[in-house]
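K.L.:
Structure of the sequence below:
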Amino acid sequence: MDILIIDDDPSISSTTRLAVEAEDHYAETADSIEAARRRTREEKWDLIFLDVRLGDENGLEFLKEILEKNPEQLVVIFTAFSSVEIAIKATQAGAFDYLEKPFTPDRVRGILLKARKALSTNRELSTLKNTVTELKTQVDRSGPPTRFQSEDPTMIATLDTIFRAAASPASILILGESGTGKSVIARTIHENSKLADKPFVTVSCPSLSKELLESELFGHVRGAFTGAVKDQWGKVHAADGGTLFLDEIGELPLTIQPKLLRLLQEREYERLGENKPRKANVRIIAATNRDLKASVAAGEFREDLFYRINVISVEMPPLRARTKDLMGFAQDYLDHFSKQVGREVKGFSSKALDRIRTHQWPGNLRELRNSIERATILARGKEIEDTDLPSGGDAAQMGTSASMVVPGSDVTLEELEREHIKLIVRRVKNLQDAAVLLGIDKATLYRKRKKFDLN
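P.N.:
Sure, this is the predicted structure:
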């Protein structure tokens, strides 16, 4: 716990601080209400020890001030003599407990243990409230259902790894193109872990400057940088005991990477502008659309950090490689959006099906969702027509019929072969894997790529 001791008697402050630190808690002291008021503005404290009298100032009045700002704050009142009246006044005013001077270390330990239990209960209630709020938000914004069934062998293997790894505390790295559902999978891992009732906190690594991203992650103290007008906790603190999801970790600046490595290895971090180590027990799930091995080779990503986050890795295949799952997603989106907009749109015309099946979906599930939402709104009948799907100015999104190459359509074997090789090479990690999948040797693949101008 972080504990503030407010007393103008140096011997009492020192004795209490020693007793607190002996139990592995962090403690600071303040010798006046003015100093204490400043520290309670700047910092969040788990427990405050407060003297009844600080010179000419009334500790009970300051107790009321503290509790008006934070009714859940735990405050223990110091009293210099045994007085039932003062103890009653303090507890009636909202004090958590009182401590008579002189006191023994055992009495302080007893209060600390009681405070930890109270904090644990408060956090559980807070987590429950947050969960209820989040569930209400999800109901209000109810999106298309998440599909965890697949007919694609690669995706079946990926899902099997995900659900087996979820129960472990190991760090997990999710690879895949933008829009393949990496953040959905990260939350699914959390919800199927032992931390499901704990916080799930997301940090988007490319969204902020280096300085602001570091503050977002670890927090900062007042004056740490321009604009830091007060102390601030970061996402690591918010995720303590739960899961920290680092979205697009490949974009994490090199200067911040050692600090993340320290968090992973030692469960320690420091806020920006502060030299005080703080503890945090978080599970890391990371996602990226980058080739992190290539980033390591280029000196853009630390090798030791890569191995720390890559205990278990899964790759989300692009939608163009999940041809057996494509129409299931499309129908799920159609069912959802038709209900949302109050339309009785039930299916797709044959031409619309052809367009959906033959489009490459570079934006993956995100692009498919947007296209189906648009088509549902624009549909004139009970089926989505190909004209309802993006076209014309949106051809870059949806493609045109002229570029479609589908087995059974009016194309030559050479055109079909070229398209198949292009998709396989794009999908796998290297040419050797592509050659194995195609059933040819690497030299033959090289010649065909040259012939079809796929280099």
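
K.L.:
Identify the residue nearest the geometric centre of this protein.
P.N.:
In the chain, the C-alpha closest to the average C-alpha coordinate belongs to Thr202, at a distance of 2.1 Å (Cα atoms, centre = their mean).

K.L.:
Just the element for that one, please.
P.N.:
strand 200-204 (DSSP states H and E).

K.L.:
And Cys205, how close does it get to His25?
P.N.:
According to Cβ to Cβ, to the nearest Å, Cys205 and His25 sit 32 Å apart. No exception for glycine: its C-beta is placed from N, CA and C like everyone else's.

K.L.:
Can you pick out the residue with more neighbours from those two?
P.N.:
Between Cys205 and His25, counted using other Cβ atoms under 10 Å, the more crowded position is Cys205 (21 against 17).

K.L.:
Would you check that that one makes contact with Leu244?
P.N.:
No - counting by Cβ atoms under 8 Å, Cys205 does not reach Leu244; the two are 11.6 Å apart.

K.L.:
one step back: spell out the secondary structure type for the nearest residue to the residue nearest to the centre of the chain once chain neighbours are set aside.
P.N.:
Using Cβ to Cβ, 6 or more residues apart in numbering and skipping residues adjacent in sequence, the residue nearest Thr202 is Phe245, 4.7 Å away. What DSSP: H, G, I helix; E, B strand; the rest coil gives for Phe245 is strand.

K.L.:
before we move on, the earlier item: I would like the residues contacting the strand holding Thr202, please.
P.N.:
183, 186-187, 190-191, 213, 216-217, 235, 238-239, 242-248 (Cβ atoms under 8 Å, 6 or more residues apart in numbering).

K.L.:
What ranges does the stretch 51-200 of the chain have for its strands?
P.N.:
53-54, 57-58, 74-79, 97-100, 172-176, 200-204 (DSSP state E, counting those that start in this stretch).

K.L.:
so can I have TSV of those showing mean pLDDT and distance to Ile421?
P.N.:
Compiled in TSV, these are given as follows (pLDDT from 0 to 100; distance: least, Cβ to Cβ, whole Å):
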stretch	mean pLDDT	distance to Ile421
strand 53-54	82	80
strand 57-58	83	81
strand 74-79	88	67
strand 97-100	85	74
strand 172-176	95	22
strand 200-204	93	36
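
K.L.:
could I get those as CSV with distance to Gln432?
P.N.:
CSV is the format used below for the strands of the stretch 51-200 of the chain (distance: least, Cβ to Cβ, whole Å):
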stretch, distance to Gln432
strand 53-54, 74
strand 57-58, 76
strand 74-79, 62
strand 97-100, 68
strand 172-176, 19
strand 200-204, 34
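
K.L.:
With respect to Glu419, which of these lies nearest?
P.N.:
Across the strands of the stretch 51-200 of the chain, Glu419 has its closest neighbour in strand 172-176 (22.0 Å, Cβ to Cβ).

K.L.:
helices or strands next to that closest one in the packing?
P.N.:
Other helices and strands packing on strand 172-176, by 3 or more Cβ pairs under 8 Å, 6 or more residues apart in numbering; DSSP states H and E, are helix 182-191, strand 283-288, strand 312-316.

K.L.:
In TSV: those, plus mean pLDDT, mean neighbour count and distance to Ala167.
P.N.:
TSV is the format used below for those (pLDDT from 0 to 100; neighbours: other Cβ atoms under 10 Å; distance: least, Cβ to Cβ, whole Å):
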stretch	mean pLDDT	mean neighbour count	distance to Ala167
helix 182-191	94	19	9
strand 283-288	96	25	11
strand 312-316	94	19	12
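
K.L.:
Now do the end-to-end distance for stretch 296-304.
P.N.:
Stretch 296-304 has an end-to-end distance of 9 Å (Cα to Cα, to the nearest Å).

K.L.:
start the count at 804, not 1, going forward
P.N.:
Understood, numbering begins at 804; the last thing we discussed is stretch 1099-1107.

K.L.:
Show the subsequent helix or strand relative to the host helix or strand of Asp1157.
P.N.:
Secondary structure from DSSP H and E places Asp1157 in helix 1153-1161. Sequence order places helix 1167-1181 as the next helix or strand after helix 1153-1161, per DSSP H and E.

K.L.:
Buried residues, that following helix. List them.
P.N.:
Residues Asn1167, Leu1168, Glu1170, Leu1171, Arg1172, Ser1174, Ile1175, Glu1176, Arg1177, Ala1178, Thr1179 are the ones in helix 1167-1181 that count as buried (16 or more other Cβ atoms under 10 Å).

K.L.:
what mean pLDDT would you report for that helix?
P.N.:
Averaged across helix 1167-1181, pLDDT comes to 93.

K.L.:
what angle separates that helix from strand 975-979?
P.N.:
60 degrees (axes from the mean of the first three to the mean of the last three Cα atoms, to 10 degrees).
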